[in-house]
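**Student:** Give me a 3D structure for the following:
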Amino acid sequence: MTDDAAGVWQVRYRLDAGGQHTRALGKFDNYSPSERFDKALAAAREWLAHLEVGGATESVTVMEACEAYVNKIRALKGDLAANDLEDRYRRWVKPDPIHKIEVTKLTRDTVTRFRSRLVNAPVKVGKLGDIRARSKDTVNRDMAALRAALNQTLQDGLATSDFAWRIPLAAFKNVTRRREIYLDRAQRKMFIAMAPPDLAQLIRALCVLPLRPGALASLLVSDFDQKFDILRVGKDKSGSDRKFKVPPEIAAF
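**Tutor:** A predicted model of the protein is given here:
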């Protein structure tokens with residue numbers, strides 16, 4: 001183990017396949033000069049232990065792990081699921097200091113501080129920019145996205161332990177909220193009667209079809225098989241077509 005002319009500590013090691021390899025450990029310039037050798041030695045031992053249990057020689061940053069996971073999900077589940085992950089990483093991981101840390105160098109303290117920033121990030125509401133706290137249910141989804149990317153590095157041999165993030169990224173419990181606002185049949189009819197014709201058509205479709213507004217708005221004429229009154233609505237989580245049969249009167253509408 002040596003430090004180069006730039007003050008970067010390095011460890012040299014041999015793989016079973018042969019050949020000498022070098023890994024930069026860092027400058028450790030946040031420690032006093034008398035401490036740097038011991039800190040570099042500890043980092044070198046940790047890296048060699050990673051290799052001994054089957055860890056990969058290459059390393060990835062947290063953001064690189066997220067980007068690789070997006071590509072994997074895009075290939076397995078399509079654009080919808082991948083785009084959702086990509087948006088979460090862009091909003092919460094990329095601007096955060098954690099994005100440039102190598103996965104093998106993550107610590108519980110580092111990830112715990114990321115969680116705190118994620119939980120306490122203010123959210124602007126409406127055109128006036130009012131601030132409210134983030135819901136824990138939403139934070140859970142954002143943490144799950146990062147947890148999934150980091151867990152993938154375990155499967156790929158880029159990390160050998162989830163100790164750094166297993167507890168810090170654990171979900172808040174019992175925070176999922178039920179959607180309890182409901183319009184009865186008379187209220188829905190009144191809503192449709194008062195709406196402009198194009199909006200009224202959309203609302204009526206939402207009343208008679210078990211679809212979310214986004215899914216309904218994205219439907220095409222080609223998605224409907226008039227011969228069998230079958231409606232195809234995108235893909236399910238396994239990538240298969242989501243289909244259901246509709247009654248003749250709804251099919252006509």
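
**Student:** care to break the chain down by domain?
**Tutor:** The record's domain parsing of the chain by the TED database lists 9-53, 62-156, 181-208, 217-252.

**Student:** residues near Asp142, how many?
**Tutor:** Here the number of neighbours of Asp142 (other Cβ atoms under 10 Å) works out to 20. For glycine as for every other residue, the C-beta is placed from the backbone atoms N, C-alpha and C.

**Student:** right, and it touches Arg88 too?
**Tutor:** Yes. Counting by Cβ atoms under 8 Å, Asp142 touches Arg88, with 5.3 Å between them.

**Student:** just to revisit the earlier point, nearest approach to Leu169 belongs to which of the domains of the chain?
**Tutor:** Leu169 lies closest to domain 62-156 among the domains of the chain, at 4.5 Å (Cβ to Cβ).

**Student:** how far does the closest one stretch from start to finish?
**Tutor:** 14 Å (Cα to Cα, to the nearest Å).

**Student:** pLDDT averaged over it, what's the number?
**Tutor:** For domain 62-156, the mean per-residue pLDDT is 91.

**Student:** what kind of secondary structure is Ala193 in?
**Tutor:** Of the three states, Ala193 takes helix under DSSP: H, G, I helix; E, B strand; the rest coil.

**Student:** And for the closest residue to it other than its chain neighbours, the neighbour number?
**Tutor:** Nearest non-adjacent residue to Ala193, counting by Cβ to Cβ, 6 or more residues apart in numbering: Ala200, 7.6 Å away. Residues lying near Ala200 (other Cβ under 10 Å) number 14.

**Student:** ok, now Phe172?
**Tutor:** The burial count for Phe172: 13, using other Cβ under 10 Å.

**Student:** doesn't Cys207 make contact with Arg188?
**Tutor:** Yes. Using Cβ under 8 Å, Arg188 is in contact with Cys207, at 5.5 Å.

**Student:** Could you pull out the strands in the stretch 151-253 of the chain for me?
**Tutor:** For the stretch 151-253 of the chain, the strands defined by DSSP state E, counting those that start in this stretch occupy 224-225, 230-235, 241-245.

**Student:** List phi and psi for Arg132.
**Tutor:** When read as degrees, to the nearest 10, the backbone of Arg132 gives phi -140, psi 160.

**Student:** what is it paired to in the beta sheet?
**Tutor:** Arg132 has these beta-bridge partners by DSSP bridges: Val123.

**Student:** And for Lys100, the neighbour number?
**Tutor:** 11.

**Student:** what residue lies at the spatial centre of this structure?
**Tutor:** With distances taken as Cα atoms, centre = their mean, the residue of the chain nearest its centroid is Ala145 (2.4 Å).

**Student:** how far away is that residue from Phe244?
**Tutor:** Using Cβ to Cβ, to the nearest Å, Ala145 is found at 29 Å from Phe244.

**Student:** likewise Asp162?
**Tutor:** 39 Å.

**Student:** Pick out whichever of those two has more residues nearby.
**Tutor:** The residue with more neighbours, out of Asp162 and Phe244, is Asp162; 15 against 12, by other Cβ under 10 Å.

**Student:** Can you tell me the closest non-neighbouring residue to that one?
**Tutor:** Leu154 (5.9 Å).

**Student:** who touches the one you found in this structure?
**Tutor:** Thr160, Ser161, Asp162 (Cβ atoms under 8 Å, 6 or more residues apart in numbering).

**Student:** could the residues you listed be laid out in TSV, adding distance to Arg74?
**Tutor:** Converted to TSV, these look like this (distance: Cβ to Cβ, whole Å):
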residue	distance to Arg74
Thr160	26
Ser161	27
Asp162	24
